[in-house]
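In: quick one, fold the following:
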Amino acid sequence: MPAHASAVPADLSPDDPLSRERAHLAASRSALRAMREDVENLDIRDVTANWVNSLVLTAQIEDRIKALADLSHTPLFFGRLDYLHTVGAERAEGTPGEHFYIGRRHVHDSDGEPMVVDWRAPVSQPFYRASKKDPQDVGLRRRFGYTAGELTAYEDEHLSDPSDADDPLTSKLLQAEIERPRVGPMRDIVATIQPEQDEIVRSGLSGSVCVQGGPGTGKTAVGLHRVAYLLYAHRERLARTGTLVIGPNRSFLHYIEQVLPALGELEVKQATVDDLVTTDGEGVLLEIRGTDEAPAAVVKGDARMAEVLRRAIRSHVTMPVEPVVVVRGSRRWRVPAYELEEMVRELLARDIRYGAAREALPRRIAHQVLVRMEEAGEAPDDRVQDAVARTPAVKQAVKAIWPPVDPAKLVLRLLAEPEFLAAHAEGVLTEEEQRTVLHAKPARSVRSAKWSAADAVLIDEARDLVERTHSLGHVVLDEAQDLSPMQYRAVGRRCSTGSATVLGDLAQGTTPWATGSWAEALHHLGKPEAVLEELTAGFRVPRDVIAYASRLLPHMSPGLTPVTSVRESPGAMSVERVPDGADLDAAVVEACEAALLHEGSIGLIAADARVASLAKALEAAGHAPLSPGEETTAASRLTLVPASLAKGLEYDYVVLDEPAAVVAGEADERTGLRRLYVALTRAVSGLTIRHTTPLPSPLSP
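Out: Predicted structure coming up:
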């Protein structure tokens, strides 16, 4: 972008760069307001042919107005690139002498000249990738510091000067932005994206990516920013096919829900896996009201259940024994049973979906009738074939040969009738596994059944075997390590013709069915060709905290590379055993009150069984804790977090109650240590541990 004389008052001295940058910020905000006012003042009465077009256009305009909102506490631009004067236009996005302000969205002046360039534009890429070793034709990179939305500082990197060491974290403003206290939901990281993160963010739409990243490596932010980038680069295509972000629970989705809107993207939907399999575009399909014991959930989540379901559905097909006789006027046309059987066997051999084959069968029968009509000298057309396919004789034959299947009823029968399950699980599930998944008290109907989350996934699989699931253009799957093979299949169906971004950390797998390797997970997802990327540099968790938590890795996930924190400040850590006879609840409340003396958010994490007791203790002390995902305020910054919901959340200061109880709350020690690893790594600035029971052995002094 050329330096705009109109953007900066002429009387400002070149020796006062900060004032000039503030002036450009003010001018850019003014230009953004003008862009918004232009949209608000659009008159659509003369350009819409009917009320439907009017509604659509009105909705589009409303979305555009929202996207142009100027968030007062969010910097409009955070960086600037000055290209070298000596660089030819053929080697750089910019021409000699141009400079560009890099921000969250595009802003232009009244003449259409850009005042702020979107961070996703190709010309912005050197802001994240350029270095002294590879300046990419950039002479100067300027970073800006803000306080409450006001520009207060700047910092320059002269990339053409080779004298300084090439260290991307020597930037004090960058470090301050990374370490800025967290209040409220997760925020975007457009100002702090690192080169290895930027490579993932800007990877193409056609390929799927799997990101293995430990705590604080920014994998969730990378996934969300990749969605924003893809929507920028492929907006028309993704507008048709759709995008979706899948998270582990509602608290997590609430925590991340403001990231994409802050980047101007309002159309990306969010859901949990349970949402996917229990709802469709028109409403709720079934309600999850039951739970499974771990052994049953593991078997139900096994990929072998897909074969059991396939067999059960195909078992409804019956070979014909009677001919079909179609009456047309005074003529009778007969299709013998052996020809019907050939049609059925051919459809079965094609292994197409049950519903698609059922729809094809009447047309196959009608085609044979038309062949006989033509042999008799008649000249039937497609309308005759359609009419024959709808005759009572053909409909009755199809109903007998290929009856309709209700997916929920099929799954209910499999889980309620031992003989039916045994017939279709033979050679797939052992007898013990079959007994494990059978309902102790079979429900009388689909409506009265207390479906579990694993049951709902089975029904979704059966539904897809009957009728193809709609596929989206791109799906982001976060905390993917906790999914079962059948859950991976459910997600994979939603992006079978699109691509996926898979995010997770094998060390944080806390379900009995957690995946053992990303190769296995990607196979079940249907994306075995996905590129595996690993993030090992931690930008959020303090050095001391991540080193302490990493003691658990050899005991729960041997072979994984520990995260290396790049934080300059080591972080505050306190581990104290409460003396025997003392009140642990009181000691934990005291630790929370000490944490509240610091700026930022506070998370009290405890084993699920301890949450009720701690809630009472906090309320008695005058603290009303928030629930996970609730937005913190100046008056309420303390969140009480069950360990089972801590994954994906972050707090400036974490107080961890009774680590041994967190481990004991899981089905086995490995899962318990992984749950503890998650709890330990939620802290951004400091960690306080209070306990009465001895610490798990890997953490013992």
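In: so what's the residue count around G665?
Out: 20 (other C-beta atoms under 10 Å). Glycine gets a C-beta too; all of them are placed from N, C-alpha and C.
In: please tell me the pLDDT value assigned to the residue nearest to it when sequence neighbours are not counted.
Out: Leaving aside its chain neighbours, G665 sits nearest to A607 (4.4 Å; criterion: C-beta to C-beta, 6 or more residues apart in numbering). We have a pLDDT of 97 for A607.
In: just to check, A607 is in contact with A643?
Out: Yes. If you go by C-beta atoms under 8 Å, A607 and A643 touch, sitting 5.4 Å apart.
In: intersection of neighbour lists for the two?
Out: Shared contacts of A607 and A643 (C-beta atoms under 8 Å, 6 or more residues apart in numbering): V662, G665.
In: show me the strands in the stretch 501-650 of the chain, by range?
Out: With strands called from DSSP state E, counting those that start in this stretch, the stretch 501-650 of the chain shows them at 531-535, 537-538, 564-565, 572-577, 602-606, 638-642.
In: in a markdown table: the ones you listed, plus mean neighbour count and distance to H367.
Out: Output for the strands of the stretch 501-650 of the chain, formatted as a markdown table (neighbours: other C-beta atoms under 10 Å; distance: least, C-beta to C-beta, whole Å):
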| stretch | mean neighbour count | distance to H367 |
| --- | --- | --- |
| strand 531-535 | 16 | 46 |
| strand 537-538 | 20 | 63 |
| strand 564-565 | 20 | 67 |
| strand 572-577 | 14 | 76 |
| strand 602-606 | 28 | 65 |
| strand 638-642 | 22 | 61 |
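In: mind checking what helix or strand follows the worst-scoring helix or strand of the chain on mean pLDDT in sequence?
Out: Sorting the helices and strands of the chain by mean pLDDT, DSSP states H and E puts helix 172-179 at the bottom, at a mean of 70. Note on helix 172-179: by DSSP states H and E, the next helix or strand toward the C-terminus is helix 195-201.
In: what about that next one, distance to the chain center?
Out: For helix 195-201, the separation from the chain centroid amounts to 17 Å (computed by C-alpha atoms, centre = their mean, to the nearest Å).
In: got the angle for the helix or strand that comes right after it vs strand 531-535?
Out: Using DSSP H and E, the helix or strand that directly follows helix 195-201 along the chain is strand 209-213. Computed by axes from the mean of the first three to the mean of the last three C-alpha atoms, to 10 degrees, the angle separating strand 209-213 from strand 531-535 equals 20 degrees.
In: pull out the buried residues from the next helix or strand along the chain from strand 209-213.
Out: Going down the chain from strand 209-213, the next helix or strand is helix 219-233, by DSSP H and E. Within helix 219-233, the residues scored as buried using 16 or more other C-beta atoms under 10 Å are 219-232.
In: using CSV, write down the CA coordinates of helix 219-233.
Out: What follows is helix 219-233, C-alpha atoms only, in CSV (Å, rounded to 0.1, in the frame of the first residue of the first chain):
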residue,chain,number,x,y,z
LYS,A,219,-3.0,-25.9,17.8
THR,A,220,-6.6,-24.8,18.4
ALA,A,221,-5.8,-21.3,17.3
VAL,A,222,-4.0,-22.6,14.3
GLY,A,223,-7.0,-24.7,13.3
LEU,A,224,-9.4,-21.8,13.7
HIS,A,225,-7.1,-19.4,11.8
ARG,A,226,-6.8,-22.0,9.0
VAL,A,227,-10.6,-21.9,8.7
ALA,A,228,-10.5,-18.1,8.4
TYR,A,229,-7.8,-18.3,5.8
LEU,A,230,-9.6,-20.9,3.7
LEU,A,231,-12.8,-18.8,3.8
TYR,A,232,-10.7,-15.9,2.5
ALA,A,233,-9.0,-17.9,-0.2
